[in-house]
Structures are given as C-alpha cells and as structure tokens.
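>>> Return a 3D structure for these sequence lines:
(one chain, ligands or ions: 2)
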Amino acid sequence: MAGLKLQDVRKNFGAVEVIKGVDLEVEHGEFVVFVGPSGCGKSTLLRMIAGLEETTSGRLEIGDRLVNDVEPRDRGVAMVFQSYALYPHMTVYDNVGFGLKLAGTPKAVRDAKIRAAARVLQMEHLLDRKPAQLSGGQRQRVAIGRAIVREPDVFLFDEPLSNLDAALRVDMRMELARLHTDLGATMVYVTHDQVEAMTLADKIVVLEGGIVQQVGSPLDLYNRPANLFVAGFIGSPK
Ligand code: ADP
Ligand code: MG
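Numbers count the residues shown, from 1 in each chain. Ligands and ions are numbered 1, 2, ... in the order given. Next up, the predicted model:
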C-alpha cells in the first residue's frame, strides 16, 4: 500500500528554480495526472519521485516512508517512458524479464511474472517477437510490461502515449484505465494533453511554471477552475 506525499518540494537546475514548492497528497490506488504546458516541470517532478533527479529541498514520502535519500530501485516505483527503450536484439519475453534477470530473480519466478504481465496486457501471443516486429502500441505495452513485472507500489508514466497516432492513443487510454482497475496500484501520469488528463484521472494536478495551480477531480476543475490559467487550459468557458 503506497500513496505519496510531497511537502514544499523544490528543484533547482543551477540558479534556476524549476519546481517552486509543490505540496501534494496522493491516496493509495489513485490515478493522478500531472498536466500542464511543455516546460512547466512535469517530467522533473516525476523524475524526483522516481529518484532520477535529486530533490533540492522539501520532503518526499512514498507510502509513509521518507525517500529523499532512498535509491531509485528501493523506492517501490517503476517508470514507463515516452521512448520505449526496448532492446532490439531481445524478444518481448526477454525485454519484459530483463530487469528481473539483472536482479537475480530465479528463472521460474521470472517466467511466471512475465506470463502474468503478458496476460494482463493481452500480449501473450507476442512474447517471441522482436521489437522491430511490433507496432507502436505493442511496443508501448512491452514497456509497461517491464514495469508490471517489478510489482511496484507506484507506477510513473511520462507521456507514454505521445508517440502514438490519435486512434491508437484512444485505445491505449482505455487499456491504461483497465490496467489501473486490474492492478489497483497508485499511478502518476504525466501528459500535456488535457483530454488524456480529463479521461484518465481520479485527480488532476495542473502545473504551470513549476507551481501547482490547482488539484482536483476532472469535474472540480471543469466546474470550478481556480483561475484563468486552469480555465483556459482545461477548456472551461469560465
Ligand atoms: P515538462 O516535462 O513539463 O515539459 P520539464 O520538467 O522537462 O518540463 O522541464 C522543466 C524546466 O526545467 C524547463 O524549463 C527545462 O528546460 C528545465 N530543465 C529540465 N531538465 C533540466 C536539466 N537537466 N538541466 C537544466 N534545466 C532543465
Ligand atoms: Mg516532460
């Protein structure tokens, strides 16, 4: 069981502050979407949660544990990137199981986890293929499979659908929603796409210039945008 808690989280790159004091609470099992224009700090915030960027100041808790100084692999998180970064010479099976192999997970356990992830993602028939023999959506599913086998408490997604064409994005959106229901895990999802945010999120965090403009359900944001930026971004006729 793990939610998240951020308290006055800040990030500087050199002299420039790009995350300017973010406070946020995420319940276990929530689907949270960080949305905002390019450069507003979505990826940086996600990478800090993942431990891929150091937090300049503030507290970062995952499931009641302060993780500021915890290594990425020990945080109970798994990240899915926009570029799938699959190994071209390996089959889907080996791509999905690679992290487990590195971690020394016994073959039989690995096999069970890979097959379970393939079942959830409906890609059992693709396990023997190489990435070059897959469509964009299938590759993205493999990347998600790699996260699933690690059984994280929290999934972190950085614009996972932005390389896909529009029709496929809609399909994958529905798959992600189903995955969330099936796994019951906490999901933090970054996108610059308002529609994606509105359809996937239990809770939306609107960011601009490294500052949280509003946190609320899609309906809250639509009906009661906190300011003109949120209203404009979400598309409400305030
Ligand atoms: P988003 O994901 O919302 O598009 P980012 O989190 O990638 O935004 O970037 C937020 C700001 O931080 C941007 O102004 C970006 O140029 C800057 N930034 C991101 N990473 C670095 C870095 N490694 N060094 C310096 N500046 C960075
Ligand atoms: Mg980004």
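>>> what's N68 in contact with, if anything?
By C-beta atoms under 8 Å, 6 or more residues apart in numbering, N68 lies in contact with T55, R59, L60. For the C-beta atoms, the positions are set from N, CA and C on the backbone; glycine is no exception.
>>> Could you export those residues as TSV, including neighbour count, distance to G232 and pLDDT?
Below are these laid out as TSV (neighbours: other C-beta atoms under 10 Å; distance: C-beta to C-beta, whole Å; pLDDT from 0 to 100):
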residue	neighbour count	distance to G232	pLDDT
T55	19	30	97
R59	14	32	98
L60	21	30	98
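>>> quick check, stretch 200-219 touching ligand 1?
No: Stretch 200-219 lies out of reach of ligand 1 by C-beta under 6 Å from any ligand atom, never closer than 6.8 Å.
>>> What helices and strands are in contact with the longest helix along the chain?
Of all segments of type helix in the chain, defined using DSSP state H, the longest is helix 166-183. Helix 166-183 sits against helix 107-120, helix 136-148, strand 186-191, helix 194-200, with contacts defined as 3 or more C-beta pairs under 8 Å, 6 or more residues apart in numbering; DSSP states H and E.
>>> Buried ones in that helix, by neighbour count?
L168, R169, M172, R173, E175, L176, L179, H180 (16 or more other C-beta atoms under 10 Å).
>>> Count residues in the vicinity of the residue lying closest to the third one once chain neighbours are set aside, would you?
In space, M172 comes closest to L161 once its chain neighbours are excluded; the distance is 5.2 Å by C-beta to C-beta, 6 or more residues apart in numbering. L161 is flanked by 25 other residues according to other C-beta atoms under 10 Å.
>>> repeat for S83
With other C-beta under 10 Å as criterion, S83 counts 12.
>>> could we number from 275 for the rest of this?
That works, and once the first residue is 275, the last one we named lands at S357.
>>> show me the contacts for the closest residue to it other than its chain neighbours.
Spatially, and ignoring its direct neighbours in sequence, S357 is nearest to N437 (7.2 Å; C-beta to C-beta, 6+ apart). Residues in contact with N437, defined by C-beta under 8 Å, 6+ apart, are Q356, S357, G410, Q414.
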